[in-house]
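sequence? don't have it. structure:
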């Protein structure tokens, strides 16, 4: 489904343009030199102390990761994850910094989710936007609609493996502590961008910690 036929497309196009223009004026925001998607990295986005604090928070809430349609996708995601207390000062600081950088309204963001990947764990290819033809869409529509941008912060160095692989773009991002990985889940016209298909490749040695914020087209419920 493309363009004006897609739910939230006008809002997503407007949000995408706003973030794009804002990041163009931020010297530390580096856009990947690729066609097909808007993907940025910002090194040293959070401090080493914040990385350590978030790592401990993830360990406290981590449970086997779930999928919205997990009965059809057994074994597709083997990481551990959990929502982090939004009142925690480190999370509140992260949300403020993300809003300052992108202009995205924190009220449109989901709870920060921490993810932990131990040796051999992974998340196969997927997109962060929602399939509006799926049975789960009415609930997500009521929760704030389609996802706009994804903000993911790497919290530690992974000894081997564990990179983020944008499989259709030939782009692999290696985890670096404190680095922000940011991408637009929509095309410029606001429709879902299939080129944002990505995977968390297996950790081959060590462990990987990340914290992720997803932003919606409307206020998140």
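On my side now, so go ahead. A quick note: this is a predicted structure, and the numbers were derived from the prediction, not measured.

switch to C-alpha atoms for all contacts and neighbour counts from now on
OK.

quick one: what helix or strand has the spatially most central residue of the chain in it?
Centrality entry for the chain: nearest residue to the mean C-alpha point is residue 150, 3.4 Å, by Cα atoms, centre = their mean. Assessed by DSSP states H and E, residue 150 sits inside strand 147-154.

not counting sequence-adjacent ones, nearest residue to the residue nearest to the centre of the chain?
residue 214 (4.8 Å; Cα to Cα, 6 or more residues apart in numbering).

does the one you found sit in a helix, a strand or a coil?
Secondary structure assignment for residue 214 (DSSP: H, G, I helix; E, B strand; the rest coil): strand.

the residue nearest to the centre of the chain and residue 56: what is the separation?
The gap separating residue 150 from residue 56 is 22 Å, by Cα to Cα, to the nearest Å.

contacting residues for the closest residue in space to residue 19 that isn't next to it in sequence?
Distance criterion Cα to Cα, 6+ apart; nearest residue to residue 19, sequence neighbours excluded, is residue 102 at 5.3 Å. Counting by Cα atoms under 8 Å, 6 or more residues apart in numbering, residue 102 makes contact with 19, 22, 23.

adjacent strands (with direction) for the helix or strand just after the strand holding residue 150?
For strand 147-154, the following helix or strand on the C-terminal side (DSSP H and E) is strand 160-161. Here strand 160-161 has these sheet partners by DSSP bridges: strand 203-205 (antiparallel).

show me the contact partners of the partner strand.
Residues contacting strand 203-205 (Cα under 8 Å, 6+ apart): 117, 118, 119, 120, 121, 122, 158, 159, 160, 161, 162, 163.

list the neighbouring strands of the helix or strand of the chain with the lowest mean pLDDT plus their orientation.
For the chain, using mean pLDDT, DSSP states H and E, the weakest element among its helices and strands is strand 63-64, scoring a mean of 92. Partners of strand 63-64 in the sheet, by DSSP bridges, are strand 80-83 (antiparallel).
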